[in-house]
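Novice: Dropping a prediction and its sequence here:
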Amino acid sequence: MVRGKTQMKRIENATSRQVTFSKRRSGLLKKAFELSVLCEAEVALIIFSPRGKLYEFASSSMLETIERYRRHTRSAQPVPRTDEQNMQNLKLETASLMKKIELLEASKRALLGEGLGSCSLEELQQIEQQLEKSVNTVRSKKSQVYNEQIEQLKEKEKVLLAENARLTEQYGSQPQPATNEQRENQSYAESSPSSDVETELFIGLHRSSLR
């Protein structure tokens, strides 16, 4: 019967966690020492406790072992590509971009109705479908803009009607001030002769002179 592996997890109890840390730390330091003696291995071990306390073991010099590790990691990194390889890759990328630009320019001319002499029937149909799709997109956007403008005008109309109703309610019952023309007509009527005064026009000698 094969026993299943016990899943390791953090010890919740702080006291038990500290006891386990002390035991495992001592055992790990002991194993590192034994490995360096029995196998003549260069061993460096660094441990920080949960509170930040440092525990370490080095079979020779800790700093020398760390520097040796750094030299090893640098030498294990992939060798950078030479300038010639970089130039070759740049040429390939440039050629690929130029090809894409040529295709885009040809597609642009075809959409403008230029250079269609070498196009096949299938290519012309594709161009036609693309143009129809573009026209439908433009019409849809134009309709959307129209609807938005209409809604804005309706909102402005509501505001103006509300303002007009407010002004009518505020000033509608008060007498309106006379205009300049009305004031001039009134002044002229006051300065003119009264309508009950008789006026006659005589031609020739006055009646009093004939007596």
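Specialist: Sure, I can see it.
Novice: got a pLDDT number for residue 84?
Specialist: pLDDT, residue 84: 75.
Novice: mind giving me the domain split of the protein?
Specialist: 14-76, 122-169 (automatic domain parsing).
Novice: Can you say which of the ones you listed is packed in most?
Specialist: domain 14-76 (a mean of 12; mean count of other Cβ atoms under 10 Å). Every residue, glycine included, has its C-beta placed from N, CA and C.
Novice: still on that earlier bit, can I get the domains of the chain in TSV with mean pLDDT and distance to residue 111?
Specialist: Formatted as TSV, the domains of the chain follow (pLDDT from 0 to 100; distance: least, Cβ to Cβ, whole Å):
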stretch	mean pLDDT	distance to residue 111
domain 14-76	91	54
domain 122-169	89	7
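Novice: Output the contacting helices and strands for the top helix by length along the chain.
Specialist: Taking DSSP state H as the criterion, the chain has its longest helix at helix 121-171. When contacts are defined as 3 or more Cβ pairs under 8 Å, 6 or more residues apart in numbering; DSSP states H and E, helix 121-171 sits against helix 83-111.
Novice: Name the residues of the helix it packs on that are buried.
Specialist: In terms of neighbour count (16 or more other Cβ atoms under 10 Å), helix 83-111 has its buried residues at residue 110.
Novice: Can you give the distance of it from its chain's centre?
Specialist: Centre-to-centre, helix 83-111 and its host chain are 30 Å apart (Cα atoms, centre = their mean, to the nearest Å).
Novice: Who are the packing partners of it?
Specialist: helix 121-171.
Novice: Could you give the backbone dihedrals for residue 56?
Specialist: When read as degrees, to the nearest 10, the backbone of residue 56 gives phi -150, psi 160.
Novice: That one contacts residue 62, correct?
Specialist: Yes - because the distance of 6.3 Å satisfies Cβ atoms under 8 Å, residue 56 is recorded as touching residue 62.
Novice: which neighbours do these two share?
Specialist: 44, 46 (Cβ atoms under 8 Å, 6 or more residues apart in numbering).
Novice: thinking again about what came up before, for the domains of the chain, give me JSON lines that also has distance to residue 95.
Specialist: Output for the domains of the chain, formatted as JSON lines (distance: least, Cβ to Cβ, whole Å):
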{"stretch": "domain 14-76", "distance to residue 95": "35"}
{"stretch": "domain 122-169", "distance to residue 95": "24"}
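Novice: which residues touch stretch 123-134?
Specialist: 110-111, 116, 119.
Novice: Closest one of those to residue 83?
Specialist: The closest of the contacts of stretch 123-134 to residue 83 turns out to be residue 110 (Cβ to Cβ; 40.8 Å).
Novice: how close does the closest one get to residue 139?
Specialist: 22 Å (Cβ to Cβ, to the nearest Å).
Novice: roughly how far apart are residue 124 and residue 57?
Specialist: Residue 124 is 80 Å from residue 57, by Cβ to Cβ.
Novice: again, but for residue 20
Specialist: From residue 20 over to residue 57 (counting by Cβ to Cβ), the distance is 19 Å.
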